[in-house]
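In: quick one: sequence plus predicted model below, questions after.
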Amino acid sequence: MPRQRETLLSCLSGGNTFPRVTSRTPIMSTSPRPSAAPRPTPAPTPVPASAAWFPGDDPGRRLFAALGGLELENGALLPEVTLAYETYGTLDADGANAVLVLHGFSADSHAAAHDADDEPGWWEDMIGPGRPIDTDRYYVVVPNALGGCQGSTGPASTAPDGRPWAARFPRLTTRDQVAAEILLAHHLGVRSWALAIGPSMGGLRALEWALMGPEAGIGVRGLAAIGTAAQTSADVIAWSHPQLAAIRLDPGWHGGDYYGLPDGQGPHAGVAIARYIAHTTYRSGSELDARFGRLPQGGEDPLTDGRYAVQSYLDHHGDKLARRFDANSYLVLTESMNTHDLGRDRGGAEAALTQITARTLVVAVDTDRLFPAQQSARIAAYVPGADGLRVISSAHGHDGFLIEFDQLGPMVREFLEVEQVRTHP
């Protein structure tokens, strides 16, 4: 099987930079008085019990679709399902230019800025005028996944009894999430997707879309599965187990009933620890060694009570996620990923992959330890419309799909240009 590689980048090229926690040296007063005391470092702002979006909050550019009830794979019923989503560009009269973008675990519907006054999105360099997914040409739909916390129905949503669903929210599968997105496509009048594209957790859903969409009367002409797998591996499930436990064992979780608690009293410690674990799987060991080595953090001393720089880095990412996510959604989405098996009730993963009719782009990151490249190679080997495996060379591990735009962008652009010629010869 041909394996195509792009130019190898150094571990510091093209990457995002993250704030570095420094030693807590007091900032001296600028007052001319010689007796002025040092100013203390401000205390951190308490973490909210939940950072979910709630009705009444600023919707930003979100749109909302009320889709009615949804029966889940396990037989449970969600009586009212709403999906939050954002759109870019305009749907053509023939409906042939629609693109579905499916986000990863902790992202949401805001994939890119809509204008100069808008905040950047999580895939800013991929979506927009003149970008690989060109919004002057395509109508792009980005839904927040069912079970998420940024406007779509999830644990923070109101249940029929008027209280938040919380831990009562039913278990979801990847197929349940796609079933909700199929309802959204019908709601929007989309009859086919020129491309269904997703990285990581979004790739799990994109693969299911390639089979479930046509069964529901919605064509999927192009598929892009990026840093993903046909089945969630035992290794991924194993790494998820301590993440789930970290949240459920946090006294601030309160059995899932933490909504409405004062700031600082929710399960933010458990969410942060879960993120420490997850984020380590998102990056590569070689990158962490190259960036941090055994350096202490700032003026701290690891031989007493101080941290190493890599510990500070994880502390930053744990705190950052706790301030923008919801603990119960973390549980629901993690467990939904664990259910992913394209071959369940389809004769096995390889048999299911052979049933995909879409022209397919398969992309792996060579240092990915969450979804290793051999899992993408399996997809490329069995999907009839896959043109081999494309490989991003990156020091950054799984997160390479967010960082290496100079490699991924041209792959997506080229794939869509061929589709454009096929659709409009």
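Out: Cool, the structure landed. Numbering: from 1, shown residues only.
In: for the rest of this, base every contact and every neighbour count on C-alpha atoms.
Out: Noted.
In: so who does residue 94 touch?
Out: Taking C-alpha atoms under 8 Å, 6 or more residues apart in numbering, we find residue 94 in contact with no residue.
In: where's it, which helix or strand?
Out: Counting by DSSP states H and E, no helix or strand carries residue 94.
In: again, but for the one 5 residues further on
Out: Element membership for residue 99, per DSSP H and E: strand 98-101.
In: list the buried ones in that strand?
Out: Going by neighbour count (16 or more other C-alpha atoms under 10 Å), the buried part of strand 98-101 is 98-101.
In: now do the helix or strand that comes right after it, average pLDDT.
Out: Following strand 98-101 in sequence order, the next helix or strand is strand 127-128 (DSSP H and E). For strand 127-128, mean pLDDT rounds to 98.
In: picking up where we left off before, now for the strand holding residue 99, which elements pack on it?
Out: In terms of contacts (3 or more C-alpha pairs under 8 Å, 6 or more residues apart in numbering; DSSP states H and E), strand 98-101 is packed against strand 139-143, strand 192-193, strand 195-199.
In: switch to 6 Å and redo it
Out: In this structure, strand 98-101 packs against strand 139-143, strand 195-199, with contacts taken as 3 or more C-alpha pairs under 6 Å, 6 or more residues apart in numbering; DSSP states H and E.
In: which one of those strands lies nearest to residue 375?
Out: Closest of those to residue 375 is strand 195-199, at 13.4 Å (criterion: C-alpha to C-alpha).
In: partner strands of the closest one, parallel or antiparallel?
Out: Sheet pairing of strand 195-199 (DSSP bridges) gives strand 98-101 (parallel), strand 222-226 (parallel).
In: next one: that strand to chain centre, how far?
Out: Put simply, strand 195-199 sits 12 Å off its chain's centre (C-alpha atoms, centre = their mean, to the nearest Å).
In: okay, the helices and strands packed on strand 98-101, which one's buried deepest?
Out: Of the helices and strands packed on strand 98-101, the one with the most neighbours on average (mean count of other C-alpha atoms under 10 Å) is strand 195-199, at a mean of 27.
In: which non-adjacent residue is nearest residue 209?
Out: Excluding its sequence neighbours, the residue lying closest to residue 209 (C-alpha to C-alpha, 6 or more residues apart in numbering) is residue 178, at 6.4 Å.
In: just residue 126 next, same as before
Out: With sequence-adjacent residues excluded and distances taken as C-alpha to C-alpha, 6+ apart, residue 126 is closest to residue 132, at 5.5 Å.
In: for residue 133, same thing?
Out: residue 127 (4.9 Å).
In: and the gap between that neighbour and residue 141?
Out: 11 Å (C-alpha to C-alpha, to the nearest Å).
In: residues in contact with residue 72?
Out: Residues near residue 72 by C-alpha atoms under 6 Å, 6 or more residues apart in numbering: residue 176.
In: look up phi and psi at the closest residue to residue 297 other than its chain neighbours.
Out: Take residue 297 and drop its neighbours on the chain: the residue closest to it by C-alpha to C-alpha, 6+ apart is residue 309, 4.1 Å away. For residue 309, the backbone dihedrals are phi -60, psi -40 (criterion: degrees, to the nearest 10).
In: quick one: residue 309 and residue 298 touch, right?
Out: No: contact criterion C-alpha atoms under 6 Å: residue 309 and residue 298 do not qualify, at 7.5 Å.
In: more neighbours, those two?
Out: Neighbour count, other C-alpha atoms under 10 Å: between residue 309 and residue 298, residue 309 has more, with 23 against 16.
In: distance of the more buried one relative to residue 303?
Out: Distance of residue 309 to residue 303, given as C-alpha to C-alpha: 13 Å.
In: how about residue 49?
Out: From residue 49 over to residue 303 (counting by C-alpha to C-alpha), the distance is 34 Å.
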